[in-house]
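Colleague: Based on what follows, work out the 3D shape:
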Amino acid sequence: MDNRKHSYHTLLDKKQIAMLCDRRFGIGGDGLILLNAHSEFDFEMLYYNADGATGSMCGNGSRCIVQFANDMGIQKSAYTFLAADGKHEARIQKDGSIVLKMNDVARIDYINNDAVLNTGSPHYVQFCTDVRDLNVYQKGRDIRYSARFEKEGINVNFVRQLDDKDSIYVRTYERGVEDETFSCGTGVTAAALVCHYNKDGYNNIKVKTPGGNLSVSFEKYENSFTNIWLSGPADKVFEGVLEISEMGIE
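Modeller: Residues are numbered from 1 along each chain as shown. Predicted coordinates for the structure are as follows:
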């Protein structure tokens, strides 16, 4: 939503945002994003989870807001914008894909054989051979609400290494949505970093998700990751108008 004139920020509350994101009684979505004006950047992205709470960094949402900014007349060859985790850069490629620079990741921690890292949002990465048939809602919920993560929450990614060393399949349970989302940009990024094939140097991981295909390129040195770029499409589905009252959506 274009909020550069502050049309929505003071109008929408947590309940109304959750109602907008509801797939039965609202528009339906994994989150809501406001495009805000900013004096030092091309724009600011303000992201809300589907439950109406302010969210952390959203990778795919960031790619979408770049395309939306372009559609709203902010047309540039390269963008810089502010998100929950700080400054980001992005470009719209000739093929229409959006390339987004993610923040550096200083380390990956491990719990047994599972990885925990922060790519703008906290993520848990677990390898699973039967990922396509997995009950992601139940398995993801079990980890997200375990004693270790219940208070702050964590996103849970189930990953299968495909035949090629640079290709993986990812499904994600997302906090705030509290369900599986068909594609999570920060989750895809986390899974790709964990699945690096070069111990040191350049990696480019192709990622399949139920919602589509993405790619993540990065430089790895020891246990840190820099120059991380998330790439994929961002297509407008529809646009429309809703009337909002103090009690909700009319």
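Colleague: now this protein, which segments are flagged as low pLDDT?
Modeller: Of all residues in the chain, those with pLDDT under 70 make up the ranges 9, 245-250.
Colleague: Okay, domains of it per the record?
Modeller: Domains of the chain are assigned by automatic domain parsing as 14-93, 104-232.
Colleague: Of these, give the one that comes closest to Y8.
Modeller: domain 14-93 (6.1 Å; C-beta to C-beta). Bear in mind the C-beta positions are built from the backbone N, C-alpha and C, glycine included.
Colleague: For T189, which residues are in contact?
Modeller: Contacts for T189 (C-beta atoms under 8 Å, 6 or more residues apart in numbering) come out as G59, M102, T119, G120, V216, I228, L230.
Colleague: Make TSV out of the domains of the chain and add distance to L242.
Modeller: Listed next are those as TSV, based on distance: least, C-beta to C-beta, whole Å:
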stretch	distance to L242
domain 14-93	7
domain 104-232	21
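Colleague: about what we covered before: now, which of the contacts of T189 lie within strands?
Modeller: Those of the contacts of T189 mapping onto strands are M102, V216, I228, L230, per DSSP state E.
Colleague: tell me the two of the contacts of T189 that are most distant?
Modeller: G120 and V216 (12.9 Å).
Colleague: Have a look at these two and say which one is more surrounded.
Modeller: For the pair G120 and V216, the greater number of neighbours falls to V216 (28 against 23), based on other C-beta atoms under 10 Å.
Colleague: Is that one in contact with N204, as I believe?
Modeller: Yes - using C-beta atoms under 8 Å, V216 is in contact with N204, at 7.5 Å.
Colleague: show me where this structure has helices.
Modeller: All helices of the chain, identified by DSSP state H, fall at 14-21, 59-71, 136-144, 185-194.
Colleague: Just say which of those is most tucked in.
Modeller: helix 185-194 (a mean of 28; mean count of other C-beta atoms under 10 Å).
Colleague: Next, format the contacts of T189 as CSV and append distance to G185.
Modeller: Converted to CSV, these look like this (distance: C-beta to C-beta, whole Å):
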residue, distance to G185
G59, 2
M102, 8
T119, 9
G120, 9
V216, 9
I228, 11
L230, 6
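Colleague: Which one of those is nearest to Q161?
Modeller: Q161 has its nearest neighbour among these in V216, at 14.4 Å by C-beta to C-beta.
Colleague: What separation do you get for the closest one and D133?
Modeller: From V216 over to D133 the distance is 25 Å, taken as C-beta to C-beta, to the nearest Å.
Colleague: and what of N213?
Modeller: Counting by C-beta to C-beta, the gap from N213 to D133 is 20 Å.
Colleague: So which of the two has more stuff around it?
Modeller: A side-by-side neighbour count of N213 and D133, using other C-beta under 10 Å, places N213 first with 14 against 8.
Colleague: which ones are touching the more buried one?
Modeller: Per C-beta under 8 Å, 6+ apart, neighbours of N213: K206, V207, G232.
Colleague: just to revisit the earlier point, tabulate the ones in strands among the contacts of T189 (CSV), appending distance to F25.
Modeller: As requested, the ones in strands among the contacts of T189 are exported to CSV (distance: C-beta to C-beta, whole Å):
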residue, distance to F25
M102, 34
V216, 35
I228, 37
L230, 32
